[in-house]
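S.K.: Sequence plus predicted model, see below.
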Amino acid sequence: MTTHDAGPGSTTIDTAPGVISVTREELPPLPDDIISSPDAGHIDPRKWFVAPELPFEIEIGCGKGTFVLNESQERTDANFLGFEWEYEFFSYGCDRLRRANVKNVRMLHADATEFIRWRCPSEIVRTIHLYFSDPWPKVRHHKRRVVQDSFLRQCHRILLPGGELRIVTDHMDYWAWMVEHFARVNEKAGSKAIFQTREFAPPASAGEGELVGTNFERKYRREGRPFNSIVLRKPNVGEPVIGPSA
Ligand SMILES: C[S@@+](CC[C@H](N)C(=O)[O-])C[C@H]1O[C@@H](n2cnc3c(N)ncnc32)[C@H](O)[C@@H]1O
């Protein structure tokens, strides 16, 4: 897994690693016994924040960081870990966050799905945000889509009881793929269901008439594209997944 590393010739915009971007010291390489002991690489990312006791949220694929920047300023009572694997976007986002002097955001230059699978302990995340995830339209690339059966199960593992996976997409084919995958874990799965389905409500930082207020939403809204959205909620302890009214 890659972490922030400004090699020769690369552009370093965020000049303060350790303030916004998570450093190699904070996230050392996976230990050798990871195969025989899958939890051996777990590390508590809440410790990377100034106020580690605050509720912890993740954004997968921040792009230029608009959502995480605006939302973290609206809700200073939560910590946000943003993932962006494209280095130029990652450093652009880090730079914006550092200039805004936010204290409740850290950014990781890494594959979020790998982090969730190998590094993240169970039941520590209140909310996972996945907005305008890359659709990978070619069939041979569908395996690169973030939403997969294993991803949904890993999200369930790391979410706190009552925690939410929040998703918005503009892409019709990817949405159809997601709906198929959700059906194996939500109410449609009957006794195998692990998530409740909830309607998506805009977050605190969304503007008038916006679903979430990311760069991609703003661009696609100008083009008149329709959007789909959903919240998958992990039930509280003792709460049935499928309520009496379902
Ligand atoms: C289509 S863009 C959307 C960006 C932003 N969420 C928005 O709505 O404006 C998707 C972004 O997610 C990043 N990304 C995709 N899969 C990722 C992963 N597994 N881990 C980290 N970043 C990822 C891509 O590099 C890209 O910047």
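M.R.: That came in fine, so what should we check first? Residues are numbered from 1 along each chain as shown.
S.K.: residue ranges of the helices in the protein, please?
M.R.: 66-74, 87-99, 112-118, 149-158, 172-182, 215-222 (DSSP state H).
S.K.: weakest of these by average pLDDT?
M.R.: Lowest mean pLDDT within the helices of the chain: helix 87-99, at a mean of 93.
S.K.: who does it touch, helix- and strand-wise?
M.R.: helix 66-74, strand 105-108 (3 or more C-beta pairs under 8 Å, 6 or more residues apart in numbering; DSSP states H and E). C-beta coordinates here come from the backbone N, C-alpha and C atoms, glycine included.
S.K.: which one of those is the most hemmed in?
M.R.: strand 105-108 (a mean of 26; mean count of other C-beta atoms under 10 Å).
S.K.: any idea which helix or strand of the chain has the worst average confidence?
M.R.: The helix or strand of the chain with the poorest confidence is helix 87-99; it has a mean of 93 (mean pLDDT, DSSP states H and E).
S.K.: Show me which residues of that one are buried.
M.R.: Within helix 87-99, the residues scored as buried using 16 or more other C-beta atoms under 10 Å are 87, 89-98.
S.K.: do stretch 223-232 as well
M.R.: Buried-residue list, stretch 223-232, by 16+ other C-beta under 10 Å: 227-232.
S.K.: Equivalent analysis for stretch 33-47, please.
M.R.: Buried-residue list, stretch 33-47, by 16+ other C-beta under 10 Å: 41, 43, 45-46.
S.K.: That stretch: end-to-end distance?
M.R.: One end of stretch 33-47 to the other measures 23 Å (C-alpha to C-alpha, to the nearest Å).
S.K.: For that stretch, report the contacting residues that lie outside it.
M.R.: With contacts defined as C-beta atoms under 8 Å, 6 or more residues apart in numbering, stretch 33-47 is touched by 22, 27, 30-31, 52-53, 56, 79, 81, 106, 118-121, 124.
S.K.: cool, and stretch 174-192?
M.R.: Contacts for stretch 174-192 (C-beta under 8 Å, 6+ apart): 133, 135-137, 142, 145, 147-149, 152-153, 156, 167, 169, 193-197, 228, 230, 232, 241-242, 246.
S.K.: what about burial for the residues you listed, which qualify?
M.R.: 133, 135-136, 145, 147, 152, 156, 167, 169, 193-197, 228, 230, 232, 241.
S.K.: where does this protein dip in pLDDT?
M.R.: For the chain, the stretches flagged by pLDDT under 70 are 1-18, 244-246.
S.K.: Which residues of the protein lie near the ligand?
M.R.: Residues of the chain lying close to the ligand (C-beta under 6 Å from any ligand atom) are 60-63, 83-86, 89, 111-113, 131-134, 146, 214-217.
S.K.: And the residue in the chain positioned nearest to the ligand, its phi and psi?
M.R.: Here the chain gets closest to the ligand at one residue, residue 61, 2.3 Å apart by C-beta to the nearest ligand atom. Dihedral pair for residue 61: phi 80, psi 70, per degrees, to the nearest 10.
S.K.: That one and residue 38: what is the separation?
M.R.: Taken as C-beta to C-beta, to the nearest Å, the spacing of residue 61 relative to residue 38 amounts to 25 Å.
S.K.: Likewise for residue 52?
M.R.: Relative to residue 38, and taking C-beta to C-beta, residue 52 is found at 24 Å.
S.K.: Report the beta-bridge partners for residue 108.
M.R.: residue 83 (DSSP bridges).
S.K.: just residue 129 next, same as before
M.R.: residue 59, residue 166.
S.K.: The residue of the chain closest to the ligand: neighbour count?
M.R.: For residue 61, the count of nearby residues is 21 (other C-beta atoms under 10 Å).
S.K.: okay, the helices of the chain in a markdown table with distance to residue 205 next?
M.R.: Listed next are the helices of the chain as a markdown table, based on distance: least, C-beta to C-beta, whole Å:
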| stretch | distance to residue 205 |
| --- | --- |
| helix 66-74 | 4 |
| helix 87-99 | 14 |
| helix 112-118 | 20 |
| helix 149-158 | 22 |
| helix 172-182 | 23 |
| helix 215-222 | 12 |
